[in-house]
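**Q** My questions are about this predicted structure, shown below with the sequence.
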Amino acid sequence: MDRSTARPWPGNGGQEPPPLDAQLMARVARGDTEAYSSLFDLVSPRVFGLVRRVLRDPAQSEEVAQEVMIEVWRTAARYEAGRGSVITWVLTMAHRRAIDRVRSAQAATNRDQAVAAQSVETEFDQVTDSVINRLEAEQVRRCLGSLTELQRESITLAYYGGHTYGEVAALLDAKLATIKARMRDGLIRLRDCLGLAGE
């Protein structure tokens with residue numbers, strides 16, 4: 001028998017299977033396909049029942065039960081009669097695999113939820129930042145509108161245009177001292193208008 005191929009679910013044609021014991025397992029360990037067929041018929045219903053109680057989903061339960069029976073075929077040589085009965089060994093294996101499947105499914109769900117939450121949070125943060133930036137820009141424009149023309153032009157050229165005091169004075173055809181004074185007064189008014197006086 002190909003050890004990678006699972007048998008279909010049991011149906012023994014009305015024949016009485018041999019007893020489930022260490023001798024049957026020993027034959028399975030030697031690659032005896034008839035012995036494995038008998039073992040499959042004896043234990044697979046109980047394996048499926050146990051897995052179904054853990055997973056509840058029929059399709060997943062059948063899949064895991066098949067995996068267990070393949071593992072039994074592949075690892076039969078590891079069975080030690082002195083450590084417990086054959087059925088206990090097989091059902092322990094089945095329970096372990098069922099729990100692993102539950103944990104794997106839960107981990108996948110947690111990952112999906114984390115990704116979804118992160119996406120929502122990122123989107124929310126981007127919207128918040130956009131709104132705040134827009135509100136701040138509107139408030140700055142409103143406050144700039146409350147300045148005198150020379151104050152507004154001086155500050156705009158210096159802070160938004162990147163010009164020096166001297167360049168601003170030349171562009172506006174005004175004295176350097178006048179530009180500095182107007183910018184100082186304008187910045188004070190801006191600070192008060194924006195509510196930054198206490199910061």
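**A** Looks like it arrived, so ask away.
**Q** how is the protein carved up into domains?
**A** Per automatic domain parsing, the structural domains of the chain span 22-111, 146-193.
**Q** Could you export those domains as TSV, including mean neighbour count and distance to Glu138?
**A** Backbone N, C-alpha and C define where each C-beta goes, glycine included. Below are these laid out as TSV (neighbours: other CB atoms under 10 Å; distance: least, CB to CB, whole Å):
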stretch	mean neighbour count	distance to Glu138
domain 22-111	16	41
domain 146-193	16	12
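**Q** mean pLDDT lowest for which of these?
**A** Here the lowest mean pLDDT among the domains of the chain goes to domain 146-193, at a mean of 81.
**Q** Against Asp57, how distant is the residue of the chain positioned farthest from its centre?
**A** Using CA atoms, centre = their mean, the residue of the chain lying farthest from its centre is Lys175. It sits 62.7 Å away. In this view, Lys175 and Asp57 are 84 Å apart by CB to CB, to the nearest Å.
**Q** Do a quick rundown of the helices in the protein.
**A** Along the chain, the segments classed as helices by DSSP state H run 22-29, 33-55, 58-75, 86-145, 149-155, 165-172, 176-193.
**Q** Look up the closest residue to Arg83, ignoring the ones flanking it.
**A** Trp89 (7.5 Å; CB to CB, 6 or more residues apart in numbering).
**Q** And Lys180, by the same measure?
**A** Nearest non-adjacent residue to Lys180 (CB to CB, 6+ apart): Tyr165, at 5.9 Å.
**Q** now swap in Gly84 and tell me
**A** Per CB to CB, 6+ apart, closest to Gly84 is Thr92, 7.9 Å.
**Q** And the one you found, how far from Arg103?
**A** For Thr92 relative to Arg103 (CB to CB), the value is 17 Å.
**Q** Could you list which residues are in contact with the residue nearest the centre of the chain?
**A** Centroid-nearest residue in the chain, with CA atoms, centre = their mean: Arg111, separated by 2.2 Å. Contact analysis of Arg111 by CB atoms under 8 Å, 6 or more residues apart in numbering lists nothing.
**Q** The residue nearest to Lys180 contacts Ile179, correct?
**A** Yes. Here Tyr165 reaches Ile179: they are 5.8 Å apart, a contact under CB atoms under 8 Å.
**Q** tell me the contacts of Leu172?
**A** Neighbouring residues of Leu172 by CB under 8 Å, 6+ apart: 150, 153-154, 157, 179.
**Q** Perfect, that will be all.
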